[in-house]
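Trainee: Sequence and predicted structure below; questions after.
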Amino acid sequence: MSDFAIHATGLEGLIAVSAKSAHSFPKHSHDEFGIGLLVAGGQLSASGRGQVEASTGDIITVNPGEVHDGMPISGRPRRWHMLYLAPSLLTSLAAGISQARCDALEFEAPVLSSRLRSRQFEQAWTAALGSARDAGLLQEETLLSLMAGMLQPAIPERRPAIGSGIERAKASIYDNVSDNPSLAELAKTADLSRFQTLRAFTRATGLTPHAYILQQRVLKARRMIASGNTLATVAADCGFADQSHMTREFSRRYGMPPARFQRAMLGCNPVQDRTPKHG
């Protein structure tokens, strides 16, 4: 059993999500910066920043495009709050924190044990859900206080080197996300053998080409769903076999079916999802 809620914040580019779940999330990524607090339980996760374990009271973070997974410790439900910030919002907030561009900033630690940061997150979370007339000012103040101590200039050495061939293969997928290229076609684009393409692509992205295509479809679907497009249209435009296929892939990665996600995003009210999760 999983319980997810998306909360209206009133601040453009900021989404607040609360959850309680024993669901094991497969490898996936987000378009946004994510920072959260593990309220209860524990979680194991792996990403480009390594395998980590988070316990109650820890801060958890994820960078845009960072492939990660997540599973409960001992199979027991964990509970967390997350704030997701669009890069455009972070750009405006981060002015003065660092001279680096937004795409050159990152959360350095995927897990952080700090009472100070936990208190700052709780203040930012409370402000994000606030309805007072001056909520916008308080939201920005608390987010800035939290982010100022968490964001660091990205360290290029931490990012895997990506050859020009794999960049071309990635670009061909991104530009034609509804297509179904064969490994041979991707290898031709990358000017590599099929084995070299599979190995280099997985090393560069953290996903196999097939998994990467599915993830890009889900990311595009998430953007289209949040904009109010019909689910049937989204499924067709994003290359899913049908709407049921899209629903399964979306739910596995983000914890709630796309229809509930859309109602939450468009309705500006918390939406509860108590859909049982299997596997």
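Mentor: Received it, and whenever you're ready, just let me know what you need.
Trainee: going forward, measure contacts and count neighbours with C-alpha atoms only.
Mentor: Will do.
Trainee: any idea where the helices of the protein begin and end?
Mentor: 87-94, 115-128, 135-148, 164-175, 183-190, 194-205, 209-226, 231-237, 243-254, 258-267 (DSSP state H).
Trainee: Need the residue closest to the centroid of this protein.
Mentor: For the chain, His30 is the residue whose C-alpha lies nearest the centre (C-alpha atoms, centre = their mean; 2.5 Å).
Trainee: What pLDDT is listed against it?
Mentor: Per-residue pLDDT puts His30 at 93.
Trainee: How about the backbone phi and psi for it?
Mentor: Backbone torsions for His30, taken as degrees, to the nearest 10, come to phi -130, psi 160.
Trainee: shouldn't it be in contact with His68?
Mentor: No - using C-alpha atoms under 8 Å as the test, His30 is too far from His68 to be in contact (9.4 Å).
Trainee: now the residue lying farthest from the centre of the chain, nearest residue through space, not along the chain?
Mentor: Centroid-distance maximum for the chain: Ser193 at 31.6 Å, with C-alpha atoms, centre = their mean. Of all residues not flanking Ser193 in the chain, Ala187 sits nearest, at 5.6 Å (C-alpha to C-alpha, 6 or more residues apart in numbering).
Trainee: Next: Thr61.
Mentor: Ile35 (4.4 Å).
Trainee: Point out where the stretch 151-279 of the chain drops to low pLDDT.
Mentor: Scanning the stretch 151-279 of the chain for pLDDT under 70 picks out 155-161, 268-279.
Trainee: Go again with 50.
Mentor: By pLDDT under 50, the weakly predicted segments of the stretch 151-279 of the chain are 269-279.
Trainee: cool, and the stretch 1-150 of the chain?
Mentor: For the stretch 1-150 of the chain (pLDDT under 50), the answer is none.
Trainee: any idea how far Met82 is from Gln120?
Mentor: Distance, Gln120 to Met82, using C-alpha to C-alpha, to the nearest Å: 13 Å.
Trainee: what does Met256 give?
Mentor: 15 Å.
Trainee: quick one, which of those two is more surrounded?
Mentor: Taking other C-alpha atoms under 10 Å, Met256 and Met82 do not tie; Met256 has more neighbours (25 against 21).
Trainee: isn't the more buried one right up against Phe250?
Mentor: Yes - here Met256 lies in contact with Phe250, judged by C-alpha under 8 Å, at a distance of 7.4 Å.
Trainee: Double-check Gly10 against Leu137; I have them as touching.
Mentor: No - Gly10 is beyond contact range of Leu137, at 11.1 Å (criterion: C-alpha under 8 Å).
Trainee: okay, the two: which has more neighbours?
Mentor: Gly10 (16 against 11).
Trainee: Can you report how many residues lie near the residue nearest to that one when sequence neighbours are not counted?
Mentor: Closest residue to Gly10 apart from its sequence neighbours, by C-alpha to C-alpha, 6+ apart: Gly136 at 7.3 Å. Residue neighbour count, defined by other C-alpha under 10 Å, stands at 17 for Gly136.
Trainee: What of Gly163?
Mentor: 12.
Trainee: Fine by me, we can end here.
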